[in-house]
Each structure stands twice: as C-alpha cells, then as structure tokens.
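Asker: Quick one, structure for this:
(one chain, ligands or ions: 1)
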Amino acid sequence: MSAQRGNPMIQKLTSDERVQQLAKLNGWQAVANRDAIQRSFQFADFNEAFGFMTRVAIKAQEMDHHPEWFNVYSKVDITLSTHEASGVTERDIELATFIDSITA
Ligand code: H2B
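Answerer: Presented below is the predicted three-dimensional model:
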C-alpha cells in the first residue's frame, strides 16, 4: 500500500477502546454492520444546520479528515470512519469531540 500524503499510518481502535471513547462522546453510536460511528443533529432551520456544517467543514479540512454526512433542511446525519484504516480511529474521536464542543 502506498503512503498517504501527510498522514502517517493509523490503526483502528480495538473494540474495548471504541467502547471507552464512545462513552466520552455525546450521543454517538456505533453503526450496525460497519466499523463507524454516527450521530444525528436537529437544528431550528437550514441556516443553523448549514452554519454548523460550515464549522465542521473548516475543521475537517484543517484535520484532513472528512465526515460522511447527509443533510435535509434542518437535519444533519454524520458518520465518521477512517477510510484508510477501514474503521474508527482516534481521528474520528477527535472530530466527534470537536463536533460535540460546537453543539453543546
Ligand atoms: N477522511 C476520512 N474520514 N478518512 C480518511 O481516510 C481520509 C479522509 N483520508 N480525508 C484523507 C482525506 C486522505 O484521502 C488524504 C489524501 O489525506
């Protein structure tokens, strides 16, 4: 496998580590049938939802770690997984922690 630009190889969390880290987050759940975590957000309207998405996008670009997400009007569903590790890593936990911090 070729090296990824800028990103050192990263390891999936073990299932014990994943349980521990999920417990520190706010409302994130393991996805069924896939090594990923997800949370749904409900905002007052599209303006609030898209403002939130903009803040997450800026952080994601800084981290070079990007969410899978789905938006309809005031609802945003986010799934986090590290593609190059095919699973949840500390990068997903870091991004989820940031997302929690701006929606507290
Ligand atoms: N985002 C996520 N969620 N997982 C990755 O493995 C990933 C990414 N890899 N954003 C990054 C970009 C990689 O493609 C670039 C080349 O660093």
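
Asker: OK, contacts around residue 85?
Answerer: Residues in contact with residue 85 (Cβ atoms under 8 Å, 6 or more residues apart in numbering) are 10-12. All C-beta atoms are positioned from the backbone trio N, CA, C, and that covers glycine.

Asker: what's the spacing between it and residue 93?
Answerer: Remark: distance between residue 85 and residue 93 (Cβ to Cβ, to the nearest Å) = 12 Å.

Asker: Could I get the full set of helices for this protein?
Answerer: 15-24, 46-63, 90-102 (DSSP state H).

Asker: Buried deepest among the ones you listed, which one?
Answerer: Ranked by mean neighbour count, the helices of the chain are led by helix 90-102 with a mean of 18 (mean count of other Cβ atoms under 10 Å).

Asker: So what pairs up with the residue nearest the centre of the chain in the strands?
Answerer: For the chain, residue 80 is the residue whose C-alpha lies nearest the centre (Cα atoms, centre = their mean; 3.5 Å). Counting by DSSP bridges, residue 80 is bridged to residue 37.
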